[in-house]
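Undergrad: Fold the following for me, if possible:
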Amino acid sequence: MSTQNFKSKTIGSRIKDIFVTLVGLFALSIIGLQYYSVYQFNKQNPDLYTPRPVKGEKPSKEELIRLMNDITNNLNQQSRSSYKNEGVYEGFIFLSKTYTNPNEQTLNQLESNIAQQNIWTKINSEQANTQIFCHEQIMLEKHYNRNELEKYLYISIRWDSTGKCRDLHYNPDSNLAKRLLHSP
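TA: Alright, predicted model coming up:
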């Protein structure tokens, strides 16, 4: 009787082991199918995917200063400037200058400076009195407020880990790129 009891426990534990293995294989198959469906979705919708930033991709403060100095060369003295850097690889880095009461000569000089660099691509802006340009992953924003009470010219250069210019850099053939680069 003890021999028969031993054999039945062995068969029962073997069935249990087989069942646990089958459940594990089933769970792994479901996980594999989910990963494959996400892969297929990203492959069919490339404009929804922009890779995460890596070390060295985020520009330095010095690079932004150089670009800003080239853009604002021969302009009047700015009334305000600001700099902000958040995050190590992700986040953003931002540099801006504001000019109060700019005259026509200042605006024309700015346009000339941007054109002379020959690196900026203009993209569509949804904001009034604002022009946006991209250079690789870096965005240049120029906003001119013509309000009678307060006239000012605002210029900013920024890199953002989730920014439009970064998306355009990685997905130049995406629907977003077509919408931003072509006039409505």
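Undergrad: alpha carbons only for contacts and neighbour counts from here, please
TA: Will do.
Undergrad: what comes into contact with stretch 110-125?
TA: 70-73, 75, 131-135, 179-183 (C-alpha atoms under 8 Å, 6 or more residues apart in numbering).
Undergrad: Please apply the same query to stretch 158-167.
TA: Outside of stretch 158-167, the residues within contact range by C-alpha under 8 Å, 6+ apart are 47, 50, 52-53, 58-59, 64, 90-95, 134-140.
Undergrad: For ChimeraX, what selects the buried ones among the residues you listed?
TA: When burial is assessed using 16 or more other C-alpha atoms under 10 Å, the buried subset of those is captured in ChimeraX by this command:
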select :47,53,58,59,64,90,92,93,94,95,134,135,136,137,138,139,140
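Undergrad: In strands, which of the contacts of stretch 158-167 fall?
TA: Secondary structure assignment (DSSP state E) places 92-95, 134-135, 138-140 from these within strands.
Undergrad: Is the residue nearest to residue 137 when sequence neighbours are not counted part of a helix or strand, or is it coil?
TA: Distances taken as C-alpha to C-alpha, 6 or more residues apart in numbering put residue 166 closest to residue 137, at 4.2 Å, once the chain neighbours are dropped. At residue 166 the chain is in helix, as set by DSSP: H, G, I helix; E, B strand; the rest coil.
Undergrad: where's residue 166 relative to residue 159, distance?
TA: Distance from residue 166 to residue 159, counting by C-alpha to C-alpha, to the nearest Å: 8 Å.
Undergrad: Comparing these two, which shows the higher neighbour count?
TA: Taking other C-alpha atoms under 10 Å, residue 166 and residue 159 do not tie; residue 159 has more neighbours (27 against 22).
Undergrad: Spatially, and excluding backbone neighbours, which residue is closest to that one.
TA: Nearest-residue entry for residue 159: residue 138, 4.9 Å, with adjacent residues in sequence omitted and distances by C-alpha to C-alpha, 6+ apart.
Undergrad: Distance from the chain centre to the host helix or strand of residue 132, please.
TA: Residue 132 belongs to strand 130-135 when assigned by DSSP states H and E. In terms of C-alpha atoms, centre = their mean, to the nearest Å, the centre of strand 130-135 is found 15 Å from the chain centre.
Undergrad: Many thanks, have a good one.
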